[in-house]
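Asker: Sequence unavailable; structure follows:
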């Protein structure tokens, strides 16, 4: 059994002494020990080498003692496994040289054998679970089908993902075929992660907030619901949709164990929209970690007071930024741990 | 008197035969006649030459017959007038080579004499009013202080405006001093526009949605309220805050004549949050103009049904995209005009 099970108990909605805390992208660029690994190994080497991925996963835990670890990886390993080339370019970020815009391009995209293509993730999970020695739970993650679709069709990051949306509105049939292939792959992938030992999974719908509420249901939510239906008998599922406040009510009835909230949605509104019964996770503005330690401590306490200590997981409203001082992360975590 | 006063009547909340329609960025890049001017004159020449600005303002009216014109200009002429250099770079967009990060840099920023620095805008307004011959009203606009601040501190466009937010959270005093200077300039600028003849003004808070509701009140709304207070005795004021659904209730009590709504906020929610009494404007997803004409016509009709024909101005939820077919814009406008 896991010794610190605060996170799992919060996911079940149990009464806890204090809320658990972890940070999205906690295994990442703000850590000097991560930067050291980064100078030696390129992006996909870090993802694909179980020793490196598990080491990076543990770095923030050693330093700050969060209540959950999240496996270091990237959402774009999924399209890569589906025969869609993905590169990581220094100035640009993700770069997909062959974006999908036609039936011919789609024909070359397949639902892969997970062990063959993503076996390295399962190795990393097993290795990380061993290193964690049942101290805290391990989270596995995937991108939402819509968010993966955005990259596969746009070919790179974007403010508006105009090309991704264009494909949906001019050729919805093609869009749905690609979304279904991504969904099928993601379900198989997450099931394998469960088999390898993760204790919960989180789905990141980073770009769901670009869609109207109606289009969100059609091009994003429909597929997330398929994933929840497939995974919820096996493991707690957390859904985080950035900018998706308008879908919170739907999400709260989906069978997800918890919902991520971004910093634009007040705690009271989030509780109201979700009926007050589901576990919520969030929602500190990542930029606010640039404030002074004293301000951070006050804001964290107020945030817990607003969400309430139960059915709540303290987190940011999106990933931590690279320029956050370590001391500020420490204050963030310690304030939660001292909360009574 | 203005012959087609549908837009002004909707702003007053009067009962109308059908809602008025205009499109954010209607004088812009999707128009071939605009592209022709663009090949001959650079960005700021187009803004600063009254003949060009008024010609560009009229182009969409001639082609589609919207119910209001909006003066062609740019929100960044304001910092330019405040002694903050602004360039327009082909690949990057707005480029401010001397972003404001220190008290020393702030000391060189001043509240300018409007006639001296922005007199060309007033000339363009007078010329446009003459050409319009009182057929339809003319809208003048400005960026919100927060949105202008974002560019002045970040130095260019950004997904997250992390540097702008960093300045607010690490040096709030400096941030507020700059915001106040921008606000004072904007009030003087908009008053001059009223004097020159515009019939309504709109404030664009394009980046307000990056702030938490609490920080929005402190760094954006406070200054918008100052502008509304100064302008509302003179002219109807429209506030458009992209991603600012969380502030709609505050906005509805501000004295603004109308509020812009983006496409992520359903009509029913927007009406509920604003108490059902204020005029709303929006909120068609600009990307949805890529759909087939038939789909566009259906969606526009449904949108009007959802908002209701009164206290409503049909518009997009943000600016029109450069790749929208002209025929689709025509269907959008004609569907509104045929609404009964």
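Answerer: Ah, there it is. What you see is a predicted model; the values in this text were computed from it and never measured.
Asker: Can you name the residues of chain A sitting close to chain B?
Answerer: A:159-160, A:162, A:165-166, A:169-170, A:209, A:211-213, A:215, A:243, A:245-246, A:263-266, A:269, A:285, A:287-288, A:290-291, A:295, A:317, A:321, A:323 (CB under 8 Å from any CB of the partner chain). Heads up, the C-betas are built off the backbone N, CA and C, glycines and all.
Asker: try it again with 6 Å
Answerer: Proximity of chain A to chain B is assessed by CB under 6 Å from any CB of the partner chain, with A:159, A:165-166, A:169-170, A:212-213, A:246, A:263-264, A:266, A:285, A:287, A:290-291 identified as the residues in range.
Asker: Only the buried residues of whichever helix in chain A runs longest, if you could.
Answerer: Selection of the longest helix in chain A by residue count, based on DSSP state H, yields helix A:172-196. By neighbour count, with 16 or more other CB atoms under 10 Å in any protein chain shown as the criterion, the buried positions of helix A:172-196 are A:174-179, A:181-194, A:196.
Asker: Report all helices and strands that it contacts.
Answerer: In terms of contacts (3 or more CB pairs under 6 Å, 6 or more residues apart in numbering or on different chains; DSSP states H and E), helix A:172-196 is packed against helix A:114-132, strand A:138-143, helix A:145-154, helix A:222-231.
Asker: Give me the contacts around the third one.
Answerer: Right, helix A:145-154. A:78-79, A:84, A:94, A:96, A:99-100, A:161, A:163-164, A:167, A:178-179, A:182-183, A:205-208, A:219-220, A:223 (CB atoms under 6 Å, 6 or more residues apart in numbering or on different chains).
Asker: what's the spacing between the helix or strand just after it and its chain's center?
Answerer: As assigned by DSSP states H and E, the chain's next helix or strand after helix A:145-154 is helix A:162-170. For helix A:162-170, the distance from its own C-alpha centre to the chain's C-alpha centre is 24 Å (CA atoms, centre = their mean, to the nearest Å).
Asker: tell me what helix A:162-170 is packed against?
Answerer: If you count contacts as 3+ CB pairs under 6 Å, 6+ apart, helix A:162-170 packs onto helix A:145-154.
Asker: what about residue A:202, how many neighbours?
Answerer: Taking other CB atoms under 10 Å in any protein chain shown as the neighbour definition, residue A:202 ends up with a count of 22.
Asker: Over to residue A:293?
Answerer: Residue A:293 is flanked by 16 other residues according to other CB under 10 Å.
Asker: Roughly how far does it sit from residue A:162?
Answerer: In this structure, residue A:293 and residue A:162 are 41 Å apart, going by CB to CB, to the nearest Å.
Asker: Check residue A:175 too.
Answerer: When distance is defined by CB to CB, residue A:175 is 14 Å away from residue A:162.
Asker: dump the residue contacts of residue A:231.
Answerer: For residue A:231, the set of contacting residues under the criterion of CB under 6 Å, 6+ apart consists of A:190, A:237.
Asker: and the residue of chain A most remote from its centre, which of the three is it?
Answerer: For chain A, the C-alpha farthest from the mean C-alpha position belongs to residue A:104; by CA atoms, centre = their mean, that distance is 31.1 Å. Under DSSP: H, G, I helix; E, B strand; the rest coil, residue A:104 falls in the helix class.
Asker: now the closest residue to chain B within the stretch 1-150 of chain A, nearest residue through space, not along the chain?
Answerer: Closest approach of the stretch 1-150 of chain A to chain B (CB to the nearest CB) occurs at residue A:93, with a separation of 10.6 Å. Once its chain neighbours are removed from consideration, residue A:93 has its nearest residue in residue A:157; the separation is 5.0 Å (CB to CB, 6 or more residues apart in numbering or on different chains).
Asker: Just give me the neighbour total for the one you found.
Answerer: Once other CB under 10 Å is used to define contacts, residue A:157 is seen to have 15 neighbours.
Asker: Kindly report the same for residue A:314.
Answerer: Other residues within reach of residue A:314, judged by other CB under 10 Å, total 28.
Asker: contacting residues for it?
Answerer: Under the criterion of CB under 6 Å, 6+ apart, the neighbours of residue A:314 are A:19, A:21, A:336.
Asker: and whichever helix or strand it is part of, average pLDDT?
Answerer: Of the helices and strands defined by DSSP H and E, residue A:314 is found in strand A:312-316. Per-region confidence: strand A:312-316 scores 98 on mean pLDDT.
Asker: Repeat that for stretch A:151-164.
Answerer: Stretch A:151-164 shows a mean pLDDT of 95.
Asker: ok, now stretch A:8-19?
Answerer: Rounded to a whole number, the mean pLDDT of stretch A:8-19 is 98.
Asker: Would you indicate which residues of it are buried?
Answerer: A:8, A:9, A:10, A:11, A:16, A:18, A:19.
Asker: what's the answer for stretch A:123-138, then?
Answerer: Taking 16+ other CB under 10 Å as the neighbour-count basis, stretch A:123-138 is seen to contain the buried residues A:123, A:124, A:125, A:127, A:128, A:129, A:132, A:136, A:137, A:138.
Asker: How far away from the center of its chain is it?
Answerer: Between the mean C-alpha point of stretch A:123-138 and the mean C-alpha point of its chain there is a distance of 18 Å (CA atoms, centre = their mean).
Asker: Need the max-distance pair from the buried residues of stretch A:123-138.
Answerer: Pairwise distances across those peak at 20.1 Å for A:123 and A:136 (criterion: CB to CB).
Asker: tell me the contacts of the residue of the stretch 201-340 of chain A found nearest chain B?
Answerer: Using CB to the nearest CB, residue A:287 is the residue of the stretch 201-340 of chain A that sits closest to chain B, at 4.0 Å. By CB under 6 Å, 6+ apart, the residues touching residue A:287 are residue B:165.
Asker: Surely it forms part of a strand?
Answerer: No: residue state for residue A:287 (three-state DSSP) corresponds to helix; a strand is not indicated.
Asker: so what's residue A:318 up against?
Answerer: Residue A:318 makes contact with A:242, A:286, according to CB under 6 Å, 6+ apart.
Asker: Just give the nearest non-adjacent residue to the residue of the stretch 51-200 of chain A found nearest chain B, would you?
Answerer: Taking CB to the nearest CB as the measure, the point where the stretch 51-200 of chain A comes nearest chain B is residue A:165, at 4.0 Å. With CB to CB, 6+ apart as the measure, residue B:287 is the residue that lies nearest to residue A:165, at 4.0 Å, once sequence neighbours are left out.
Asker: swap in residue A:333?
Answerer: residue A:64 (4.7 Å).
Asker: looking at it, the one you found is touching residue A:334, isn't it?
Answerer: No: Residue A:64 is beyond contact range of residue A:334, at 8.3 Å (criterion: CB atoms under 6 Å).
Asker: So for these two, which sits in the more crowded spot?
Answerer: Regarding residue A:64 and residue A:334, a neighbour count based on other CB under 10 Å identifies residue A:64 as having more, with 19 against 16.
Asker: Closest to the geometric centre of chain A, which residue is that? Let me know.
Answerer: Centroid-nearest residue in chain A, with CA atoms, centre = their mean: residue A:204, separated by 4.1 Å.
Asker: so what does the helix or strand harbouring that one touch, helix or strand wise?
Answerer: Under the assignment given by DSSP H and E, the secondary-structure element containing residue A:204 is strand A:200-205. For strand A:200-205, the elements it packs on are strand A:138-143, strand A:237-241, judged by 3+ CB pairs under 6 Å, 6+ apart.
Asker: quick one, which of those is packed in tightest?
Answerer: Across the helices and strands packed on strand A:200-205, averaging neighbours per residue (mean count of other CB atoms under 10 Å in any protein chain shown) puts strand A:237-241 on top, at a mean of 26.
Asker: thinking again about what came up before, wait, the residue nearest to the centre of chain A sits on residue A:140?
Answerer: No: counting by CB under 6 Å, residue A:204 stays clear of residue A:140, with 11.7 Å between them.
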